[in-house]
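Undergrad: requesting a structural model of the entry that follows:
(2 chains)
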Amino acid sequence: MDACVAKYPILILATEDCSYPGANSVGQAHQNYPDNTYIIRTPTPALFPEKFYLDCFDKGVGGIIIMSCGVECPYEGAYPALAKRVDGIYALMKQRGLDIRRLRLTAICTVCNRAFIKEVNLMNQVVAELGAPGSEARAA
Amino acid sequence: MSKLNNGQEQPKIGVYVCHCGGNISDHVDVAKVVEQAGGLANVTVARDNSFMCSDPGQELIIEDIKSGKVNRIVVASCAPALHETTFRGAIARAGLNPYLYEHANIREQVSWVHHGPGATGKAGALVAAAVGKAGELEALEPIRVQAEAHATVLGGGVAGMSAARDLAAQGLKVALVEKSPFLGGQVAQLDKTFPSNEAAGELLSALASQVLGDERITVYTCAELSEYSGYVGSFKLKIRRTPPTGEALERLAMAKDAAAGEFVPFVGVAAGPVPGEAEEVALVSGAMVLATGFEHYTPAVGEYGYGQMQEVITLPELIRLMADEKATGGQLMVNGKPIANVALIHCVGSRQIPGIHPPGPDGKLNQHCSRVCCTATLQAACELREKFPETNVFEMYRDIRTYGRGHEEYYLNAGRSGVIFARYEPEAPPVVTQGGEDSALTVTVPDKLLAGEELAIGVDLVVLAVGMEPRDNQALVEKMKLPVGADRFLLEVHPKLRPVELPAAGIYLAGACQAPMDTSEAVGAAGAAAAKAGAILSAGFVELDPFVAEVDETKCVGSGACVQACLADEAIEMTETPDGQRARVNPALCMGCGVCVAACEQGAIELSGWTLGQYEAMVDAIVAQALGQGA
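TA: Okay, here's the model as predicted:
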C-alpha cells in the first residue's frame, strides 16, 4: 500500500550526530518514504526558539518532526532543555489553535531506519488529515 | 588569506550538481535541477558533472572561483559526511574561505529514496534551500588556541597504560592517574587473555615496564581528579593523592614485597610508593584520555543461588581458582572437594529484559550484551576440560556470541573437548537448587536444543558468567559534564564518524569505560584516542571548527539567559562593558550546541555557520518550492 503523502511540506530537524546519518542510512538501504519531507541538519534542535517553529507553520510547513538524539545526545543537558522547550511550543500552538500533532519530538539513531520511516508516515497521516497549517484554528 | 575571503561581497553563488555516475541522475533530472538553480536569486553559475568529487569536478569549482564568477559554493551530491571536506578543501585551494560553502544531499536523501518527478522536485527544493543558506553565509576562521604538549590519562588499566605509552611515543609528556595503588585494572584479575592465551601478567608487565620506564610519563597512583577546568590545549587540572584505605590496603598487603614494576597475580603491577598523607598536584594538559574501565556485575543475593549456596561462584572467581590449580588430569578440586560436574551459566547481568529481570539496586537494567563473556566462559570451559578432563562441563547459554577473530575457535574447541551445551530462553532460565543425587546442587533448565525438554543436571559447582557494567563515575561525570548513554557507559560522539571523541574538544575515551570490550579492543581504542590527542597537540596550537556561539553586543541586553542555558561551564560569561553587562563567549570552551541561541529573547547570540537567519532562508526556499511558489 502506498504511503499517505500530504500536500504540505514536512520539515525534519535532524541532528548531525544521530538522525541525519540515520536518514542517510535509510537512503543507503534504498527504503522509500514520501518526498514531501525536507531534512535540515542541525548540531542540536535545542538551538531553535519557539518563534522558529511558529514561523514555519505560518509559512506553510504542515508538520515538523524533531529527530533528536534523545538520551544519547552528545551534548549533556541539551535533550532535557529541548524537551522543556517543546512543551512551551505546544502551549503556544494550543493558544493559536494549532493541532499539536503537527510537531513531534522523537529520538532517531544512526541506524533507526524503521523508526525514521514510521515517524515520517505518521506525520504524513496527521498533515493529510489536518490540511493547511492553521486551518484547524479557522475551522474551530 | 585571500581578498576573496571577506564574505562581505554581494553573494555570487555557484551551484554544482553531481550525477554520481547514475546514482543521482538515474532518478533525478539533473539538467532540470541545474536549470532551476540557475534561476534562483544570487546564483551566477549552475553546472553539473558526472562526479563532482573527481578532480575535473573540483576543477570546475576552482576555476569559477579564480575567475571571479562565484564567491559562495553549493554542491548537490551525496551525504555531506562523505565529501563536505573534499569540497571545502577545493574551495580553500582556490583562495576562498572554505566556510562559504553549503551542501545539498540529493543522493542518500533524494535519489536513493524517491523516484519519478517527485525526486527531481525535491532535489530542486534542497538545492534552493542550500542556495538560500549560502546567501546568508559569512566567512569563518578556525579558532586557534595554544596547546600544552602534555596529556593526562585517567585510569591505569590496560587501556590507560596503552594510551599513555602511545602519547609519550609522540613526544608528549603524560600524567597517568590511577585510583588504586596498582596498575593493570581488570586485566590483572585474569590468568590468560584470549584469543592468544597470553598470560595476563606477562602482558601487563611488558606494558607497565614501558610506562614506568618512560621519563615522559609520570604515574600518580592512589589519585583522582579533584579539579577540572579549561579547554582543549589548556585543561587546568588538580590531581589529589590520598593514602590507601580498605580494599587497597588489603591488596597492598598481598604485594608488600613487590618492587615497582613487578606484577602480582590478581592484584596488579606495583607502581612505587603510596602517599603517606594527602597531597595535591596541579597540571596543565592539552588533552585528556578517559580510561576509567568497567566493573563486573555482582549478582543479587539468591540470583541463581549466589550468596546463598557456597557452590555458586562468578566467572572471575573461577578464573582465580583455576589459576592456582595445576593440571591433574583428574577432577578440579575446590575447597578440598572434587568437582565432577560444573555448570557455566551465560548472560548473568547482561541482556536483561524489562519485566523478566528485576532491576538492580539503582533501579537500572543491564540491557546491553557484555560481548566478551561468551568467549571468556568458553575459554574457561576449554581450560577446565584440558586441565581436569574428569570434570564434566555444561554450558547454559542464550546465544553464543563469539564475535571476534579467533573467538569462534573456543566454541569449536569446547564442543570437541566434550563440553555439553544447553540453550535456554530468558523467560525460562536455569534454576539452581540445593542438593542432588550425588551432587551438591541441581540445575534444571528447559533445553531449546532439545525442543524444550527439561534437563536436571546434578553439579558440584555453578559458575555465573557475569557481565560488564559501567564503573560508578558519577563524580567525574558531573565534574567534567560527560555524556552518558542509556546503558550508563560514557558516550562517544559517533561510533563511525567520530569514534572515541567526546563533544568537548580534546577529551577522548579509551577502553571499557565506553562499552563492553575485550583487551584487544580496549588497546585499539586507546591507540585511537592517543593518536587523535597527539594529532591535535603536535603543532603547538589547536585549530577548532568555528561553529561556536557568537554574541552580537549591539543586541545583547545583559539578561544572562544564555549563561544560564549554557551546558558548558564558563563557555559564556558576563563581562562589564561601557554599555553595561554583556555576554561573551569563550570559543575554546563552547561546544557548539546552540542551546544559548534559543534562550536569548533578543536574538543576540547565534551559532556561527548555523544561524537562525540561515535556517529561515532554508525554510523559505523549501516552502516556496514545495508549494509551487518557486522561481
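Undergrad: low-confidence regions, the chain specifically.
TA: Here I'm looking at chain A. A:1-3, A:140 (pLDDT under 70).
Undergrad: could you do chain B instead?
TA: B:1-8, B:629-631.
Undergrad: the residue most central in space within it and B:A504, how far apart?
TA: Nearest to the mean C-alpha position of chain B, by CA atoms, centre = their mean, lies B:E492 at 3.2 Å. As judged by CB to CB, to the nearest Å, B:E492 and B:A504 stand 12 Å apart. Placement of C-beta: from N, CA and C, glycine included.
Undergrad: go on, A:T110?
TA: Following CB to CB, the distance that separates A:T110 from B:A504 is 21 Å.
Undergrad: these two - which one has more neighbours?
TA: More neighbours surround B:A504 than the other of A:T110 and B:A504, with 24 against 21 (other CB atoms under 10 Å in any protein chain shown).
Undergrad: identify the residues contacting the nearest residue to that one once chain neighbours are set aside.
TA: Nearest non-adjacent residue to B:A504, counting by CB to CB, 6 or more residues apart in numbering or on different chains: B:M591, 6.0 Å away. Counting by CB atoms under 8 Å, 6 or more residues apart in numbering or on different chains, B:M591 touches A:75, B:503-504, B:567-568, B:571.
Undergrad: from those residues, which land in helices?
TA: Using DSSP state H, no member of the contacts of B:M591 falls in helices.
Undergrad: okay, strands next: where are they in the stretch 201-350 of chain B?
TA: B:217-220, B:223-231, B:234-241, B:263-264, B:268-270, B:279-285, B:287-290, B:294-296, B:312-314, B:332-334, B:337-339, B:341-348 (DSSP state E, counting those that start in this stretch).
Undergrad: try chain A
TA: Using DSSP state E, the strands of chain A run over residues A:10-15, A:37-42, A:63-68, A:103-107.
Undergrad: could I get those as JSON lines with mean neighbour count?
TA: Formatted as JSON lines, the strands of chain A follow (neighbours: other CB atoms under 10 Å in any protein chain shown):
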{"stretch": "strand A:10-15", "mean neighbour count": "27"}
{"stretch": "strand A:37-42", "mean neighbour count": "22"}
{"stretch": "strand A:63-68", "mean neighbour count": "27"}
{"stretch": "strand A:103-107", "mean neighbour count": "20"}
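Undergrad: ok so, going back, out of the strands of the stretch 201-350 of chain B, deepest packed?
TA: strand B:287-290 (a mean of 29; mean count of other CB atoms under 10 Å in any protein chain shown).
Undergrad: for chain A, what's its nearest residue on the stretch 101-250 of chain B.
TA: Among the residues of the stretch 101-250 of chain B, B:E108 lies closest to chain A, at 3.2 Å counting by CB to the nearest CB.
Undergrad: on that earlier part again, turn the strands of the stretch 201-350 of chain B into TSV, columns for distance to B:P389.
TA: Converted to TSV, the strands of the stretch 201-350 of chain B look like this (distance: least, CB to CB, whole Å):
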stretch	distance to B:P389
strand B:217-220	44
strand B:223-231	47
strand B:234-241	49
strand B:263-264	30
strand B:268-270	33
strand B:279-285	53
strand B:287-290	44
strand B:294-296	29
strand B:312-314	21
strand B:332-334	10
strand B:337-339	12
strand B:341-348	13
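Undergrad: wait, which of these is closest to B:G363?
TA: Nearest to B:G363 among the strands of the stretch 201-350 of chain B is strand B:294-296; the distance by CB to CB comes to 17.1 Å.
Undergrad: mind listing the strands the closest one pairs with, and their directions?
TA: strand B:468-470 (antiparallel) (DSSP bridges).
Undergrad: need the contact partners of the strand it pairs with.
TA: Taking CB under 8 Å, 6+ apart as the rule, strand B:468-470 contacts B:294-297, B:349-350, B:366, B:370-373, B:484, B:487-490, B:512-513, B:516.
Undergrad: can we see that at 10 Å?
TA: B:186, B:292-298, B:349-350, B:360, B:362, B:364, B:366, B:368-373, B:477, B:484-485, B:487-490, B:512-518 (CB atoms under 10 Å, 6 or more residues apart in numbering or on different chains).
Undergrad: strands - which of those residues land there?
TA: If you go by DSSP E, these have B:294-296 in strands.
Undergrad: re earlier: got any residues that touch both of B:E492 and B:A504?
TA: Listed as contacting both B:E492 and B:A504 by CB under 10 Å, 6+ apart are A:74, B:483.
Undergrad: circling back to that earlier point, list buried residues within the contacts of strand B:468-470.
TA: For these, a neighbour count by 16 or more other CB atoms under 10 Å in any protein chain shown gives the buried set as B:186, B:292-294, B:296-297, B:349-350, B:366, B:368-373, B:477, B:484-485, B:487-490, B:512-518.
Undergrad: B:F294: what's it in contact with?
TA: If you count contacts by CB under 10 Å, 6+ apart, then B:F294 has B:157, B:185-186, B:370, B:372, B:467-471, B:489, B:511-517, B:522 around it.
Undergrad: now it: closest residue in space that isn't a chain neighbour?
TA: Take B:F294 and drop its neighbours on the chain: the residue closest to it by CB to CB, 6+ apart is B:A512, 4.0 Å away.
Undergrad: one more: B:K32?
TA: The shortest distance from B:K32 to any non-neighbouring residue, by CB to CB, 6+ apart, is to B:T120 (5.6 Å).
Undergrad: so A:G60 versus chain B, what's the distance?
TA: 5 Å (CB to the nearest CB, to the nearest Å).
Undergrad: contact partners for that residue?
TA: A:7-9, A:132-134, B:619-620, B:622-624, B:626-627, B:629.
Undergrad: picking that back up, the residue nearest to B:A504 sits in which helix or strand?
TA: Following DSSP states H and E, there is no helix or strand that holds B:M591.
Undergrad: check B:V127 too.
TA: helix B:117-134.
Undergrad: run a quick neighbour tally on the spatially closest residue to A:N24 that is not a sequence neighbour.
TA: Distances taken as CB to CB, 6+ apart place B:E108 nearest to A:N24, at 4.0 Å, with adjacent residues excluded. Per other CB under 10 Å, the neighbour tally for B:E108 reads 26.
Undergrad: now B:K122
TA: With other CB under 10 Å as criterion, B:K122 counts 27.
Undergrad: correct me if wrong: it contacts B:Q109.
TA: Yes. Assessed by CB atoms under 10 Å, B:K122 is found in contact with B:Q109 at 8.2 Å.
Undergrad: what do these two both touch?
TA: Joint contacts of B:K122 and B:Q109 (CB under 10 Å, 6+ apart) are A:35, A:37-38.
Undergrad: would you turn those into TSV with distance to chain B?
TA: Below are the shared contacts of B:K122 and B:Q109 laid out as TSV (distance: CB to the nearest CB, whole Å):
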residue	distance to chain B
A:D35	4
A:T37	8
A:Y38	5
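Undergrad: thinking B:F541 is in contact with B:V145, fair?
TA: Yes. Counting by CB under 10 Å, B:F541 does reach B:V145; the two are 6.5 Å apart.
Undergrad: please say which of those two ends up with more neighbours.
TA: More crowded of B:F541 and B:V145, by other CB under 10 Å: B:V145, with 19 against 13.
Undergrad: hey, what's that one bridged with?
TA: Beta-bridge partners of B:V145, as defined by DSSP bridges: B:V542.
Undergrad: isn't it right next to B:V542, touching?
TA: Yes. Between B:V145 and B:V542 there is a contact at 5.2 Å, judged by CB under 10 Å.
Undergrad: identify the contacts common to the two.
TA: Residues within reach of B:V145 and of B:V542 at once, by CB under 10 Å, 6+ apart, are B:231-234, B:286, B:505-506, B:588.
Undergrad: doesn't B:V484 make contact with B:Q474?
TA: Yes. If you go by CB under 10 Å, B:Q474 and B:V484 touch, sitting 9.1 Å apart.
Undergrad: thinking again about what came up before, narrow the contacts of B:F294 to those in helices?
TA: Using DSSP H, the contacts of B:F294 in helices are B:A522.
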